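>>> could you look at this predicted model? Sequence included:
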Amino acid sequence: MQLTVKRLLKILSSERALLEMLFIKRDGIVSISHAKEFTKEGALEKLIESSLITTDSSVVELDEDLRTFLEAILDSSDEIEIGNIGELLDEISSKVALYHQMNSAEIRERYIRRINRILKRIPLMISKSLIKLHQHIHLTYKSADAYEVKKMELHYYKEKLELLIAIDTRIESTLTLEAG
């Protein structure tokens, strides 16, 4: 079955309650019988055919691509994505190099707009990463029972913080180098 944008939007709209529940419980286990309470007869099969959900024995969950898409759009992932910031810095460096090679003022202006767009995203990403890091550390202190587990988790978050500090230093040096 060929899935078109129109058909996809219709399915997403008609099965909104189930998809919303699966997204909310994305880290938990949802049984097929529980999922059927949120849909009409045959709707679960339609969602499976459309590759929007997957089943494994008696468990149903959102397809990984749909889950990743929704987390990205809703910015609800618990992951602390520091690598993306480094990629943006690399992109800035390449855009600046291209900017210097262009002779046309119009094309140079286009590169400046792209660079500014990236520069606006980086502080937001760093802020979000710091907020998530703070939440993870707070939850670790509250919920980790075993001392060794708590110590390992906090060490992991310390490494993430050190990466953020290194990225901050890299940003400063990149901007200083590119400005000069």
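Arrived safely.
>>> quick one: the closest residue to residue 30 other than its chain neighbours from residue 112, how far?
Computed as CB to CB, 6 or more residues apart in numbering, the closest residue to residue 30 that is not its neighbour in sequence is residue 60, at 5.4 Å. In short, each C-beta sits where N, CA and C put it, glycine included. Applying CB to CB, to the nearest Å, the value for residue 60 to residue 112 is 48 Å.
>>> who has more neighbours out of those two?
Counted by other CB atoms under 10 Å, residue 60 and residue 112 do not tie: residue 60 has more neighbours, with 22 against 13.
>>> the helix or strand hosting that one: what's the following helix or strand?
Per DSSP states H and E, residue 60 falls inside strand 59-62. Sequence-wise, the next helix or strand downstream of strand 59-62 (DSSP H and E) is helix 64-74.
>>> so what does the helix or strand hosting residue 155 touch, helix or strand wise?
Element membership of residue 155 [criterion: DSSP H and E] is helix 147-179. On a contact count with 3 or more CB pairs under 8 Å, 6 or more residues apart in numbering; DSSP states H and E, helix 147-179 meets helix 83-101, helix 105-143.
>>> ok and it relative to helix 105-143, angle-wise?
Helix 147-179 runs at 160 degrees relative to helix 105-143, counting by axes from the mean of the first three to the mean of the last three CA atoms, to 10 degrees.
>>> mean confidence for helix 147-179?
Here helix 147-179 scores 85 as its mean pLDDT.
>>> check stretch 5-24 too.
Across stretch 5-24, pLDDT averages out at 91.
>>> tell me which residues in it are buried?
Neighbour-count burial for stretch 5-24 flags 11, 15, 18, 19, 21, 22, 23 (criterion: 16 or more other CB atoms under 10 Å).
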